[in-house]
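Undergrad: sequence unknown, structure follows:
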Ligand SMILES: C=CC1=C(C)c2cc3[nH]c(cc4nc(cc5[nH]c(cc1n2)c(C)c5CCC(=O)O)C(CCC(=O)O)=C4C)c(C)c3C=C
Ligand SMILES: [Fe+2]
Ligand SMILES: [Fe+2]
């Protein structure tokens with residue numbers, strides 16, 4: 001699915017592909033989008049309808065597509081500034097522009113081999129293997145001479161991503177008006193089923209990124225929590241949920257100031273706006289807790305420069321691979337068993 005970065009038989013890289021999740025752009029898109037997201041996943045129909053209401057309360061428009069357009073503009077400027085001459089394409093898993101259409105266009109434009117960036121900073125089935133499967137399916141659909149697509153390594157511990165998250169947290173703590181070592185900090189990421197978490201380094205990478213950010217900012221009271229769980233109650237997913245944790249801390253020691261850092265998401269899409277800015281904020285309000293939600297990486301210059309540096313690595317324009325902390329630069333090419341998903345039987 002993701003062949004080695006260079007070989008005598010392969011054409012040179014001639015394009016860049018942003019691979020993302022996609023989101024509805026109007027009320028009529030919401031249900032077909034959610035059908036796409038949840039195909040093959042053990043998620044109750046009631047949860048799908050509940051999430052559809054979140055989207056509909058925002059006019060059926062997810063901000064994710066506009067955020068990706070802005071990211072593409074920023075990447076284009078960054079590439080130009082650093083002499084990277086690659087046309088940029090964009091394809092999604094769940095909504096237009098869909099990957100098969102993008103690969104078809106790339107083939108028509110004569111593109112033969114692309115460097116891809118997935119909008120997921122942490123390894124999981126959803127953020128790694130499923131995207132590679134989506135690309136393989138799109139290549140099949142396009143047929144002979146579909147472009148080869150090779151992803152850059154995961155950037156969870158790259159200094160550019162860490163800088164973007166750390167800046168968001170610093171700003172949040174400033175808004176709260178307390179010292180970094182006085183703030184309670186909850187880093188949050190998308191919950192996933194244990195059957196997915198067991199087969200990838202999602203939690204290990206998240207814990208490491210949170211630790212590095214907290215250390216850079218000087219935050220000592222921090223914890224990684226999860227949000228946006230979609231499974232049936234009997235199925236184990238990663239815990240604790242952010243709202244449960246807020247209640248537990250508040251019951252234990254009367255929480256006054258809380259910084260919430262959506263480290264698991266690169267932009268302010270629906271799961272951030274609804275689950276954090278509405279639900280978690282409402283809970284904090286009810287309990288008299290002052291909450292500040294940190295900005296996501298978005299188009300932070302550090303984040304955009306990280307994408308450019310990861311591309312430069314693949315182009316052979318640099319021999320240095322930057323990574324903070326203890327895990328080192330992640331693999332360029334996913335091993336055979338990378339990020340598999342074997343759903344666990346529900347506990348009865
Ligand atoms: C079994 C796992 C998951 C289910 C079920 C699930 C449902 C679900 N997700 C969204 C919307 C988004 N999810 C996003 C990221 C994301 N989702 C999962 C897992 C499940 N989601 C993971 C592991 C991740 C992080 C990695 C990734 O794929 O990005 C995002 C953000 C995507 C981005 O590019 O930033 C969105 C949006 C919905 C609506 C949904 C259905 C109930
Ligand atoms: Fe999701
Ligand atoms: Fe992987």
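TA: The structure has been received and is ready for your questions. These numbers come from a predicted model, not from an experiment. Ligands and ions are numbered 1, 2, ... in the order given.
Undergrad: C-alpha only now, for contacts and for neighbours.
TA: OK.
Undergrad: How about the stretch 51-200 of the chain: which residue is closest to ligand 1?
TA: In the stretch 51-200 of the chain, the residue that lies nearest ligand 1 is residue 127 (3.6 Å; CA to the nearest ligand atom).
Undergrad: just for this structure, where's the confidence low?
TA: With pLDDT under 70 as the threshold, the chain has low-confidence stretches at 1-8, 344-348.
Undergrad: Quick check: can you list the domain ranges of it?
TA: Per automatic domain parsing, the domain ranges recorded for the chain read 15-155+301-315, 159-293.
Undergrad: Make JSON lines out of these and add distance to residue 9 and mean neighbour count.
TA: Converted to JSON lines, these look like this (distance: least, CA to CA, whole Å; neighbours: other CA atoms under 10 Å):
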{"stretch": "domain 15-155+301-315", "distance to residue 9": "12", "mean neighbour count": "19"}
{"stretch": "domain 159-293", "distance to residue 9": "31", "mean neighbour count": "19"}
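Undergrad: Between those domains, which one is closest to ligand 3.
TA: When those are compared by CA to the ion, domain 15-155+301-315 sits nearest ligand 3, at 4.8 Å.
Undergrad: Span of that closest one from start to end?
TA: Its start and end residues considered, domain 15-155+301-315 measures 11 Å (CA to CA, to the nearest Å).
Undergrad: related to what we said a few turns ago, could you dump the domains of the chain into CSV with distance to residue 335 added?
TA: Compiled in CSV, these are given as follows (distance: least, CA to CA, whole Å):
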stretch, distance to residue 335
domain 15-155+301-315, 10
domain 159-293, 11
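Undergrad: wait, which of those is closest to residue 337?
TA: With CA to CA as the criterion, residue 337 lies closest to domain 159-293 of the domains of the chain, at 8.4 Å.
Undergrad: residues contacting the residue nearest the centre of the chain?
TA: Taking CA atoms, centre = their mean, the centroid of the chain lies closest to residue 120, which sits 3.1 Å from it. Taking CA atoms under 8 Å, 6 or more residues apart in numbering, we find residue 120 in contact with 127, 128, 154, 264, 265, 266.
Undergrad: ok, so of these, who is nearest residue 186?
TA: Ranked by distance to residue 186 (CA to CA), the contacts of residue 120 are led by residue 264 at 11.7 Å.
Undergrad: I'd like to check which residues are in contact with that closest one.
TA: So residue 264 contacts 120, 121, 122, 188, 189, 190, 206 (CA under 8 Å, 6+ apart).
Undergrad: Grab the nearest non-local neighbour of the fifth one.
TA: Spelled out, that is residue 189. Of all residues not flanking residue 189 in the chain, residue 264 sits nearest, at 4.1 Å (CA to CA, 6 or more residues apart in numbering).
Undergrad: Hmm, residue 313 and residue 329 touching each other?
TA: No: the pair residue 329 / residue 313 is not scored as a contact, 11.4 Å apart, by CA atoms under 8 Å.
Undergrad: what's the overlap in contacts for those two?
TA: Common neighbours of residue 329 and residue 313, counting by CA under 8 Å, 6+ apart, are residue 321.
Undergrad: which SSE is residue 188 in?
TA: Using DSSP states H and E, residue 188 sits within strand 184-190.
Undergrad: Is there proximity between that strand and ligand 1?
TA: Yes: Strand 184-190 lies within reach of ligand 1 by CA under 6 Å from any ligand atom, at residue 190.
Undergrad: outside of the helix or strand following that strand, which residues touch it?
TA: Using DSSP H and E, the helix or strand that follows strand 184-190 in sequence is helix 194-197. By CA under 8 Å, 6+ apart, the residues outside helix 194-197 that reach it are 124, 125, 203, 236, 237, 238, 339, 340, 341, 342, 343, 344.
Undergrad: Check which element follows helix 194-197 along the chain.
TA: Counting by DSSP H and E, what follows helix 194-197 is helix 202-217.
Undergrad: Surely residue 154 and residue 123 touch.
TA: Yes: the pair formed by residue 154 and residue 123 meets the contact definition of CA under 8 Å, at 7.1 Å.
Undergrad: quick revisit: could you dump the contacts of helix 194-197 into TSV with secondary structure and distance to residue 276 added?
TA: Listed next are the contacts of helix 194-197 as TSV, based on DSSP: H, G, I helix; E, B strand; the rest coil; distance: CA to CA, whole Å:
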residue	secondary structure	distance to residue 276
124	coil	22
125	helix	24
203	helix	20
236	coil	22
237	strand	19
238	coil	17
339	coil	27
340	coil	29
341	coil	27
342	coil	29
343	coil	27
344	coil	28
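Undergrad: Lovely, talk soon.
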